[in-house]
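Participant: got a sequence here, can you model it:
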Amino acid sequence: TYARLAVASDCIRAGAHFIATNRDPGYPTERGLRPGAGSVIAAIEVACGVRPLVIGKPEPLLLEEAARAAGADSASGAVVVGDGLLTDIAAARAVGARSVLLLTGVSSRGDAEALPPELRPTAVAADAVELGQVLRGLGGGRGQARRWGGAAAHSSDAPPGSARGHGAAQPHERESTSGP
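Facilitator: Residues are numbered from 1 along each chain as shown. Next up is the predicted model:
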């Protein structure tokens, strides 16, 4: 409510820490996209003139801490799965991890294709079945992953009955020369 925005702004101006979980501009619901935390954060930021410390995606802190908790030196060996290009996929890029865009309503395949190649996810999966296929392809090192490259493959690019014939994910090899 307006009153809560006003109280938050007053408290921050008076010295309270402004910590945000994420800057997601929206989130999907059964009624379509609704304003996300980023929308509220933007209102408070403009009202009080203070930038928050963002501890969630797309900032790297959350993924770095998760990697440490899992016993890894960094998150660069991880595969981040998410439905938002501006949050999940950007967070993966921030820590040098591979990423899979899951098409659940926030970002579309077209959104990913419209990005410059260096900002695209490693792979795109339409659903949980395709996600499993992509993760197997990215994790095991068995076989050669298909490059997602400049344009996504379309169902007409694959033989009938193949996974790609269903609009499946198009993984590509990591472009980094460091690490597996």
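Participant: over to stretch 48-68 now: how far is its first residue from its last?
Facilitator: Taking C-alpha to C-alpha, to the nearest Å, stretch 48-68 runs 34 Å from one end to the other.
Participant: and if you look at stretch 61-81?
Facilitator: Start-to-end, stretch 61-81 (C-alpha to C-alpha) is 17 Å.
Participant: quick one: pLDDT of the spatially most central residue of the chain?
Facilitator: In the chain, the centroid-proximal residue (C-alpha atoms, centre = their mean) is Asp88; its distance is 1.7 Å. For Asp88, the pLDDT comes out at 91.
Participant: so who does it touch?
Facilitator: By C-beta atoms under 8 Å, 6 or more residues apart in numbering, Asp88 lies in contact with 57-58, 80-82, 99, 101. All C-beta atoms are positioned from the backbone trio N, CA, C, and that covers glycine.
Participant: now swap in Leu53 and tell me
Facilitator: Contacts here follow C-beta under 8 Å, 6+ apart; on that basis Leu53 touches 17-20.
Participant: looking at this, the residue nearest to the centre of the chain is in a helix?
Facilitator: Yes: looking at Asp88 with DSSP: H, G, I helix; E, B strand; the rest coil, it is inside a helix.
Participant: and the closest residue to it other than its chain neighbours, how many residues sit next to it?
Facilitator: Leaving aside its sequence neighbours, Asp88 sits nearest to Gly82 (C-beta to C-beta, 6 or more residues apart in numbering; 2.2 Å). Gly82 is flanked by 21 other residues according to other C-beta atoms under 10 Å.
Participant: from Val50, how far off is Gly82?
Facilitator: According to C-beta to C-beta, to the nearest Å, Gly82 and Val50 sit 28 Å apart.
Participant: what does the helix or strand of the chain with the lowest mean pLDDT rub up against?
Facilitator: One helix or strand of the chain scores below all others by mean pLDDT, DSSP states H and E: strand 26-29, with a mean of 83. For strand 26-29, contacts defined as C-beta under 8 Å, 6+ apart pick out 33-36, 38-39, 83, 104-106.
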